[in-house]
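Undergrad: I would like to see how this sequence folds:
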Amino acid sequence: MSGLVAQTVLSIPSPGNGVWHLGPLPLRAYALCIVAGIVAAVWIADKRWIARGGAPNEIADLAIWAVPFGMVGGRLYHVLTDWELYFGEDKNPVTALYVWRGGLGVWGAIAMGALGVVIGARFKGIKLLPVMDAMAPGVLVAQALGRWGNYFNQELFGRPTDLPWGLEIDAGHRPAGYLDEPTFHPTFLYESLWCLAAAVLVIWADRRFKLGYGRVVALYVMAYTAGRAWIEMLRIDSVQLDDVLGLRWNVWTSIILFALALAYFLWSRRRHPGREQSVYRREDVATEVA
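TA: All right, here's what the predicted structure looks like:
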């Protein structure tokens, strides 16, 4: 009995409810975490963009493109990699649209969000690499906050553990084969803390070495994927292509992206040392901002 009490005390409880109601309006914790992340990312990027020579509020203008593109991309990636949850016998394809239930793939969100930034920057005459360098640390903070939505949904946790910070998961949220396990690795917390630490590292490195020409983005990718790879190996949720040569698909994705980011970082440092002098593609825009 004493062991059971100790395990209960030394563990992280999961919330029993992730939805609150203001009259007929539901407030979903998952959505609130995503919104908090977006707000934080825009605020951080705006400060960094102004410091790089950009105009105030331009990041908010780009976010109008990046956020919806990122949401669509994140959902598409999730549905494509977990299609068996929505299609097939006894499945309702309409539920693929139920974003509030969780399910945003970070790779799809980043890729499509970046496409939105490309389009917005093109319209505004902004150089792409400087603005993406300015935005990268804020995206890490957004990912850190967004991961708490998984906590409220009791999803994407890791293997069973008896560590003091084990996460309690209700029986209804445990996968088959783990119904008798009370606590699991809180991978949402691991990734959240990793992203915050990576954001601090990226900001420090940018200030210390005056990174430019996309090297902040490359460092962001390397820092994030280094953590995502080992955290992913703790998770027990099933995905399509769950085992590719002995590793989960998202682990391979992390390895490949890390290698590509490292190669670009080294190439860019040799090809374009230093930092861009102007963050605008047209001189008239730079003069107008100044």
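
Undergrad: lowest confidence element among the helices and strands of the protein?
TA: Between all helices and strands in the chain, the lowest mean by mean pLDDT, DSSP states H and E belongs to helix 2-9, at a mean of 45.

Undergrad: how close does the most centrally placed residue in the chain get to residue 109?
TA: Closest residue to the average C-alpha location of the chain: residue 143 at 3.4 Å, with Cα atoms, centre = their mean. To residue 109, residue 143 is 9 Å away according to Cβ to Cβ, to the nearest Å. (Each C-beta comes from the backbone N, C-alpha and C, glycine too.)

Undergrad: kindly report the same for residue 179.
TA: 32 Å.

Undergrad: neighbour-wise, which of those two wins?
TA: Taking neighbours as other Cβ atoms under 10 Å, residue 179 and residue 109 compare with residue 109 leading, 27 against 9.

Undergrad: and the one helix or strand residue 20 maps to, how far from the chain's centre?
TA: Using DSSP states H and E, residue 20 sits within strand 19-22. Centroid separation for strand 19-22 versus its chain: 25 Å, with Cα atoms, centre = their mean, to the nearest Å.

Undergrad: packing partners of it?
TA: In terms of contacts (3 or more Cβ pairs under 8 Å, 6 or more residues apart in numbering; DSSP states H and E), strand 19-22 is packed against strand 25-28.

Undergrad: now residue 237: closest residue in space that isn't a chain neighbour?
TA: Excluding the flanking residues, the one nearest residue 237 by Cβ to Cβ, 6 or more residues apart in numbering is residue 156, at 5.6 Å.

Undergrad: how far away is the one you found from residue 184?
TA: Distance, residue 156 to residue 184, using Cβ to Cβ: 10 Å.
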